[in-house]
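> give me a model of this one.
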Amino acid sequence: MSILDAIKKSVLEGFSAEISVSDILFSLGIAFLAGLFILLIYRITFKGISFNRSFEGTLLMISTISALIVLTISSNLALSLGMVGALSIVRFRTAIKEASDTAFMFWAVAAAGAGYFILTILGTLVIGFLTFVSLKLISHTASSYLLIVRTNTDAALGIVAKMFVENGIRNRVSSITENERHFEAIYEIRIGLSHHKLVSALKKIPDVTDVTLVDCRNTPI
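Now for the predicted structure:
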C-alpha cells in the first residue's frame, strides 16, 4: 500500500456513511442540555449593563445547531467540504457588547461535542464551575454603579472628585450638565458593599442637593 492510499484510507475511516436516528437524537439531546447549562451559567454570572434576553435563546440555538452541523459533516467527506465552503462565505455583523459574550458563544459551539459525549459533558461541567467561581470572586470585589450628583455650585463637584481620590474609588465622568438652577454630574464608579456610606457622605457635602446611585449590573432576578 502506497503512502497516498494509506492517507486516503485514514481520512475516509474518520467518516461514517450512515447515522442512525438514535445517534441523531442523542447528540442533539446532549447538545441541548449542554446549552441549557451554559445558559444557566450565563444568567448567574452576567455583569453587563444591558441584559439581552434574545442572546440567551441564541446560546441555546448555537449549541444545538452546531451539533447538527457536526453530525452532517462527519458522515460524508464531500458534504463536509461543501458545507465548510458554504459557511465560509457567511458574515455575521451583529455587534457583541460584552467581551464575555464571545467566550460564551465559543463555549456553545464547543458543546456540539463532535460525537465525544463524555468529553462534552465533563468539559461543560468543568468550564461552568470554573467560570462561576472566577466571575463570582471578581464580582465580590467591586460592583459597577452610576452615581448622579446634583449640586448648587461647581465647587461642590470638586469636593466630590476629591472624595473619590481620598477613598480610592475608581470613577469616570460620564456627563456634566449645567443650567441656571443646578449642576448635575453623572459618574461611572466601582465600589464594594459600602455604597450606602458613600451616598451618606456625599449628602453631607455643602451645596449637594441630590445623590442617586444606580446599579448597572441589570442581572436577572
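> where does this structure dip in pLDDT?
1-19, 47-52, 74-99, 113-115, 136, 138-143, 192-194, 217-221 (pLDDT under 70).
> domain parsing for it?
16-140, 143-215 (automatic domain parsing).
> mind giving me a markdown table with those domains and columns for mean neighbour count?
Just so you know, the C-beta spots here come from the backbone N, C-alpha and C atoms, and that holds for glycine as well. Shown next, in a markdown table, are those (neighbours: other CB atoms under 10 Å):
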| stretch | mean neighbour count |
| --- | --- |
| domain 16-140 | 15 |
| domain 143-215 | 14 |
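> what are the ranges of the helices in the protein?
Remark: helices assigned in the chain by DSSP state H are 3-12, 21-45, 53-73, 77-87, 99-110, 117-141, 154-167, 195-203.
> tabulate these (a markdown table), appending distance to Glu188.
Below are the helices of the chain laid out as a markdown table (distance: least, CB to CB, whole Å):
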| stretch | distance to Glu188 |
| --- | --- |
| helix 3-12 | 54 |
| helix 21-45 | 21 |
| helix 53-73 | 23 |
| helix 77-87 | 39 |
| helix 99-110 | 17 |
| helix 117-141 | 16 |
| helix 154-167 | 11 |
| helix 195-203 | 14 |
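> among those helices, which comes closest to Leu213?
Between Leu213 and those, the tightest spacing by CB to CB is seen for helix 195-203, at 5.6 Å.
> quick one: contacts of the closest one?
If you take CB atoms under 8 Å, 6 or more residues apart in numbering as the criterion, helix 195-203 is touched by 143, 145, 147, 149, 160, 163, 167, 169, 191, 208, 211, 213.
> and those, which two are the farthest apart?
Ser143 and Val208, at 22.5 Å, using CB to CB across those.
> dump stretch 164-179 to PDB, keeping only the CA atoms.
The C-alpha trace of stretch 164-179 is given here as PDB (Å, rounded to 0.1, in the frame of the first residue of the first chain):
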ATOM      1  CA  PHE A 164     -13.200  59.800  45.200                       C
ATOM      2  CA  VAL A 165      -9.400  60.200  45.200                       C
ATOM      3  CA  GLU A 166      -9.200  60.000  49.000                       C
ATOM      4  CA  ASN A 167     -11.200  56.800  49.200                       C
ATOM      5  CA  GLY A 168      -9.600  55.100  46.200                       C
ATOM      6  CA  ILE A 169     -12.900  54.900  44.300                       C
ATOM      7  CA  ARG A 170     -12.400  54.200  40.600                       C
ATOM      8  CA  ASN A 171     -14.600  56.600  38.700                       C
ATOM      9  CA  ARG A 172     -15.100  58.100  35.300                       C
ATOM     10  CA  VAL A 173     -17.200  61.200  34.500                       C
ATOM     11  CA  SER A 174     -20.000  60.200  32.100                       C
ATOM     12  CA  SER A 175     -21.600  63.700  31.700                       C
ATOM     13  CA  ILE A 176     -21.900  67.100  33.400                       C
ATOM     14  CA  THR A 177     -24.900  69.300  33.000                       C
ATOM     15  CA  GLU A 178     -25.100  72.900  33.900                       C
ATOM     16  CA  ASN A 179     -28.100  75.200  33.900                       C
END
